[in-house]
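Visitor: kindly return the folded structure for what I paste below:
(chains A and B)
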Amino acid sequence: GQQVQQSPASLVLQEGENAELQCNFSTSLNSMQWFYQRPGGSLVSLFYNPSGTKHSGRLTSTTVIKERRSSLHISSSQTTDSGTYLCALANYNVLYFGSGTKLTVEP
Amino acid sequence: EAAVTQSPRSKVAVTGGKVTLSCHQTNNHDYMYWYRQDTGHGLRLIHYSYVADSTEKGDIPDGYKASRPSQENFSLILELASLSQTAVYFCASSTGDSDYTFGSGTRLLVI
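Guide: Numbers count the residues shown, from 1 in each chain, chains lettered A, B, ... in the order given. Below you'll find the predicted structure:
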């Protein structure tokens, strides 16, 4: 399968701090996507980002294809940001997921 | 509203028994997928399909079969359930490009 490495595996923040989540891939890709997985398990799409930088509220995604990496930046974290963040490499119409970053934001 | 619906939401199965997980989508998507997630891990691809009556193997197909009888329906079949198949299973549909919709997951416990 495709190789997608995420880091860190877990992260604990105090509310208001920023977070930087990393995703590295070892093969070519069509695109990169970021998902948020609620503690209950369902997945929510955050970004479809084949290259460059995209913004959505306090979230920023940057994908650099030449360096085979993508990042997700969360600014001014809130307790409601807690959960698992998954990156997924899209190749030939299939998503291949990293192992996720479990984020805990404490009040 | 377009959606992916999985059934059952949870199931307890006996080792060696047959288990069928069902997925129904109203997105009119060509692609459908089955993933499994183990505690503390990402999602791993089991089977997928891009057209009715055809399925493809993913990264971990051993012990699983898939069936796509129509564009809307995609089933995952465990002919002989084993303890190692205890996991959460997610179904998804997609245009094959950027638009992916996931179901809420099925929690399977094999005892």
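Visitor: what parts of chain B come near chain A?
Guide: B:31, B:33, B:35, B:40-45, B:48, B:50, B:58-59, B:88, B:90, B:92, B:94, B:96-98, B:100, B:102, B:104-105 (CB under 8 Å from any CB of the partner chain). In this view, the C-beta of every residue, glycine as well, is placed from N, C-alpha and C.
Visitor: residue boundaries of the strands in chain B?
Guide: All strands of chain B, identified by DSSP state E, fall at B:4-7, B:10-13, B:19-25, B:31-37, B:43-51, B:54-57, B:65-67, B:73-78, B:87-94, B:100-102, B:106-110.
Visitor: what pairs with the last one, parallel or antiparallel?
Guide: Meaning strand B:106-110. Note on strand B:106-110: by DSSP bridges, its sheet partners are strand B:10-13 (parallel), strand B:87-94 (antiparallel).
Visitor: verify the stated contact: A:Val4 with A:Gln33.
Guide: No: between A:Val4 and A:Gln33 there is no contact under CB atoms under 8 Å: 10.9 Å.
Visitor: which residue comes closest to A:Gln33 once chain neighbours are left out?
Guide: Using CB to CB, 6 or more residues apart in numbering or on different chains and skipping residues adjacent in sequence, the residue nearest A:Gln33 is A:Ala88, 4.8 Å away.
Visitor: what about that neighbour, how many neighbours?
Guide: A:Ala88 is flanked by 27 other residues according to other CB atoms under 10 Å in any protein chain shown.
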